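> what follows is a predicted structure for the sequence shown.
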Amino acid sequence: MNQNEEFHYPSPSSHHPAWDARRIRALREYLGITQSQLADELQVRQQTISEWETGMHIPHRSMQKLLSMLAERAAFPYITGAEE
């Protein structure tokens, strides 16, 4: 990449959906794992997973990318509810 080129991260809507509380919990339940197990997988605290699932906080871009990678590896169906 040269100096005149810009790198753009894909927006959640362009390639992956936004990782909101509902979708994070749905992924975890789809995987059949606990909050602690998901926390271990993502190398965060269990409390962080709980805060994401309750909507207290949203994952940073790097964590959203990891969630997307985990979801793709597990063939998680992204599209749910009104998005269908």
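Received, thanks.
> nearest spatial neighbour of residue 21, chain-adjacent residues omitted?
Among residues not flanking residue 21 along the chain, residue 55 sits closest, at 4.0 Å (C-beta to C-beta, 6 or more residues apart in numbering). Just so you know, the C-beta spots here come from the backbone N, C-alpha and C atoms, and that holds for glycine as well.
> against residue 22, how distant is that neighbour?
Separation of residue 55 from residue 22 (C-beta to C-beta, to the nearest Å): 9 Å.
> I'd guessed residue 21 sits against residue 50; true?
No - the pair residue 21 and residue 50 fails to qualify as a contact (C-beta atoms under 8 Å) at a distance of 10.2 Å.
> what sits against the residue nearest the centre of the chain?
Nearest to the geometric centre of the chain sits residue 67, at 3.2 Å (C-alpha atoms, centre = their mean). When contacts are counted by C-beta atoms under 8 Å, 6 or more residues apart in numbering, residue 67 touches 19, 24, 27, 42, 59.
> sweet, I'm off.
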